[in-house]
Each structure stands twice: as structure tokens, then as C-alpha cells.
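J.: after the sequence you'll find the predicted model.
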Amino acid sequence: MSDYKIIIDSCADLNGEMKEELGVQEVIPFYMHIAGETLVDDEALSIPVLLQKMKDCTEKMTSSCGDPETWKNAFEKAKKAFAITISGKLSGQYAAAAAGLEMAKEDSGCEGYIFDSKSACTGETLLVYKLRELIDKGIPYNEIIESIESLIEKMRTFFVLDDISVFVKNGRLSHIKGTLIQILGIKPILGSNDGQIDVFGKVRGEKFIADKMVEIIAKTDRDKDGGDFVIAHCNNLPLVQEIVDKVKEQFNFGKIRITEMRGLSSFYGCNKGICMSF
């Protein structure tokens with residue numbers, strides 16, 4: 001199994017060190033479209049520049065995924081690969097990957113399997129670490145698929161937004177409701193529900209976020225003994241550290257990993273956004 005490569009999309013928020021550690025073969029980028037300009041979510045993207053362009057934009061902002069041809073090339077380069085994508089209910093990335101894999105199989109006999117994470121951001125990160133662990137242990141192909149698919153069903157992902165402007169500009173939240181939320185200082189706590197985004201709570205003021213996030217973790221039926229915990233942020237390390245300290249006090253997770261949001265996660269999470277998966 002060691003000859004199986006890992007391909008991800010850029011919503012999996014892995015820094016350069018993580019990608020090297022995990023042996024990620026290729027990262028398929030997302031694209032952010034802001035005020036007539038397209039920004040590629042790759043290593044060259046400056047997150048401060050992205051956030052400033054978002055702040056300056058008064059129009060609708062959108063994102064798009066890679067095309068099947070890009071995925072086809074990635075699978076052909078790897079020859080044998082597992083891929084992990086953002087939830088298929090949030091993006092066309094999974095469908096593009098599936099089409100690309102079929103093209104690669106027909107043209108060059110590549111082997112591969114694609115996992116729909118039913119999540120995003122830290123959910124993908126968590127899955128990549130588990131996938132690498134199973135590959136390194138030499139677990140048989142079918143058992144790897146079964147194990148990762150099982151984790152996808154059990155995994156929980158939650159995120160909190162300090163700035164909901166992208167949701168307002170995208171028409172996902174009315175301008176009036178969005179303005180009221182901002183004025184009242186309400187922070188919505190959202191999460192993945194079978195691959196779709198749902199509301200799991202709200203908190204007024206940043207000083208209560210850590211307690212609320214820990215409260216939400218405690219209420220889930222997800223096992224919190226020994227499994228990994230991943231948390232990502234966009235310019236909000238102090239809050240992350242506060243959440244991690246409280247998580248360590250109350251739960252018995254295995255490895256706790258902290259990473260910074262890259263392009264797509266920062267695009268939707270905005271400045272000070274937090275996302276966690278376990």
C-alpha cells in the first residue's frame with residue numbers, strides 16, 4: 001500500500017510542513033472570484049491580500065473548483081492514489097474528481113478511490129492524517145476505504161464566524177439579518193450535517209466562544225477518547241489556544257493539531273474564523 005499517493009483539494013488546510021510529513025502528492029486548487037479578479041488557492045496566494053480584497057469588495061463574491069482534466073492529470077501522475085475532497089453537497093469538486101478518475105482509468109489504467117469528506121477545512125485535514133496512518137501500517141486497500149468512510153460518518157466539524165460578510169454578499173444570508181447579527185455581536189456557530197452546513201448555536205461576544213465550542217463538543221455523541229482533534233484559524237491564534245486549553249482540560253483526545261486556514265477556508269471563514277474537527 002505504500003505506493004498509493006494522496007491527492008487533496010486546497011480546502012484541506014495543510015501547511016508546507018504538514019504536506020511533506022504526509023507525503024501529499026498534489027493539491028488541486030480552488031479559485032476565488034472577487035470584483036472581476038480570480039485568485040488561485042495555491043502556495044503563492046497571500047492570505048492578507050485575499051482578506052483585503054474581500055473587505056474592499058461590495059459585490060457578490062464566488063468560488064469555483066478544479067476541472068476533471070486537472071484531476072485526471074493528478075491521478076495519472078500518481079498512478080495509484082487516494083483522494084479527499086470537500087463535501088460534494090458544498091462544491092462540485094468531488095464530482096470533478098470522480099470524472100477525472102474515470103478518465104484516468106480509461107486512458108492509462110490508473111487506480112484510485114475518492115473520499116467525499118462530507119466536511120471541509122479541518123475535516124479534510126483530519127482524514128488525511130488518518131489515511132496516511134493506515135497506508136503506512138500497510139492496511140489492505142478495502143480496509144482503508146472502510147475505515148476512512150466510517151470515520152467520515154462519525155467525524156464532527158464545527159466553525160464559528162466573526163465576519164459573515166461573504167455569506168451576506170453571496171446571498172446566503174439577507175443583508176438585514178446579517179447587519180443585525182453584526183450590530184448585536186452575535187457569532188453563529190455552524191457545522192457539518194451530513195455534508196451540508198447547519199446552525200448549531202450562537203454566542204454573543206468573542207470572550208464566550210471558547211466555552212460555547214467546548215460545550216458543543218461535549219454534547220456530541222462522538223467519542224472523545226484517543227481520537228485526533230484538529231483546529232484551524234484565520235488570524236486568531238489566541239482564541240485557538242484558549243479553545244485547545246479547555247479541550248485538554250475536559251477531554252482525552254489523542255493528538256491535537258493546530259493549523260492556519262488557507263485560501264478557500266479564509267474566503268468563507270473570513271478574518272478571525274475558527275474551524276475544528278474531531
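T.: It's in.
J.: so, low pLDDT: which residues of the stretch 151-278 of the chain?
T.: Residue ranges of the stretch 151-278 of the chain with pLDDT under 70: 164-165, 167-185.
J.: can you give me the helices in it?
T.: 165-169, 175-184, 209-219, 237-250, 263-269 (DSSP state H, counting those that start in this stretch).
J.: residue 27: which of those is closest?
T.: Residue 27 lies closest, by Cβ to Cβ, to one member of the helices of the stretch 151-278 of the chain: helix 263-269, at 10.8 Å. The way it works is simple: take the backbone N, C-alpha and C, and place the C-beta from them, glycine included.
J.: can you give me every residue that contacts residue 192?
T.: Neighbouring residues of residue 192 by Cβ atoms under 8 Å, 6 or more residues apart in numbering: 87, 118-120, 123, 156-158, 198.
J.: my error: substitute residue 90 in the last question.
T.: 120, 195-197.
J.: buried among those residues? Need that as a selection in ChimeraX.
T.: The buried residues among the contacts of residue 90 can be selected in ChimeraX (16 or more other Cβ atoms under 10 Å) with this line:
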select :120,195,197
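J.: could you give me the buried positions within stretch 66-74?
T.: Buried, per 16+ other Cβ under 10 Å, within stretch 66-74: 66, 68, 71-74.
J.: what's the strand or helix carrying residue 75 packed up against?
T.: For residue 75, the element it lies in under DSSP states H and E is helix 68-78. If you count contacts as 3 or more Cβ pairs under 8 Å, 6 or more residues apart in numbering; DSSP states H and E, helix 68-78 packs onto strand 5-9, strand 24-28, strand 80-85, helix 93-108.
J.: which two in the contacts of residue 90 are spaced the farthest apart?
T.: 120 and 196 (11.0 Å).
J.: between these two, which contacts overlap?
T.: By Cβ under 8 Å, 6+ apart, the residues touching both residue 120 and residue 196 are 87, 90.
J.: measure stretch 211-230 end to end?
T.: Stretch 211-230 has an end-to-end distance of 17 Å (criterion: Cα to Cα, to the nearest Å).
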